[in-house]
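Novice: Make a model of this:
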Amino acid sequence: MLGDKLRIGAGAAVVLVIGAVAGAAVTNAVQPAPAAQIAVAEASASTELYVDVQGAVERPGIVMLSSGARVIDAVAAAGGMTDDAAAGSVNLAREVVDGEQLVVPDGSAEAAGADDGLVSINSASAEELQMLSGIGPALSSAIIAYRDENGPFTAVEQLEEVPGIGPAMMSRLASLVKL
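Specialist: Numbers count the residues shown, from 1 in each chain. Coordinates of the predicted model:
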């Protein structure tokens, strides 16, 4: 009789252990991932960009944007363009790059005839670039492709990094272009 009681007690203990293990497994299966793991995944998916927005905007200065942001986002973060901004000279659809300086030109200087006659390598169209001596359709396309791939030029001398522009071409262009 004592043996029967031990077998029943041992059997009950086994059933309790199996029940506890099964209960723990079900509880772990329905619990969401810990918040720390979710936060790490979200943080790695988003990269912050710092862009220095200057010129004809309401609040010039550095703005922080998310990866994939466009010029329109940077301008909006700087409070938008002022009434005298030359809005047509800025490509609002272009993607911004971390560390770039974005200058929104003041249109009132152009309206007053204060044009310096230089071609902006950061905003000129293919047709405007082709007005420069020695720049044809292929080279204007190469300049625009370089600008699209690498962001705006930060120095006129960077033109030498564009395939097809060597020292001789650069010396001709230096006095004809601006950022």
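
Novice: quick one: low-confidence ranges for this structure?
Specialist: Along the chain, segments meeting pLDDT under 70 span 1-46, 108-115.

Novice: Could you chop it up by domain?
Specialist: Using automatic domain parsing, the domain parsing of the chain gives 2-31, 46-115, 116-179.

Novice: buried stuff in the longest strand belonging to the chain?
Specialist: Assignment by DSSP state E gives strand 48-55 as the longest strand of the chain. Neighbour counts over strand 48-55 (16 or more other C-beta atoms under 10 Å) mark 49, 51, 53, 55 as buried. Quick note: C-beta positions are derived from backbone N, CA and C, even for glycine.

Novice: and of the residues you listed, the nearest to S120?
Specialist: G55 (12.4 Å; C-beta to C-beta).

Novice: ok, what's across the strand from the closest one?
Specialist: Note on G55: beta-bridge partners by DSSP bridges are V104.

Novice: Is it correct that it is in contact with G107?
Specialist: No: using C-beta atoms under 8 Å, G55 makes no contact with G107, being 10.4 Å away.

Novice: anything in contact with each of those two?
Specialist: Common contact partners of G55 and G107 (C-beta atoms under 8 Å, 6 or more residues apart in numbering): A85.

Novice: which phi and psi does P167 have?
Specialist: phi -60, psi -40 (degrees, to the nearest 10).

Novice: Count the residues that sit near the residue lying closest to it once chain neighbours are set aside.
Specialist: Residue nearest to P167 in three dimensions, not counting chain neighbours: E160, with 7.0 Å by C-beta to C-beta, 6 or more residues apart in numbering. By other C-beta atoms under 10 Å, the residues close to E160 number 13.

Novice: Can you list phi and psi of E160 for me?
Specialist: Here is the backbone geometry of E160 (degrees, to the nearest 10): phi -70, psi -20.

Novice: Next up, the contacts around it.
Specialist: Neighbours of E160 in contact, by C-beta under 8 Å, 6+ apart: 166-167, 170.

Novice: All set, thanks.
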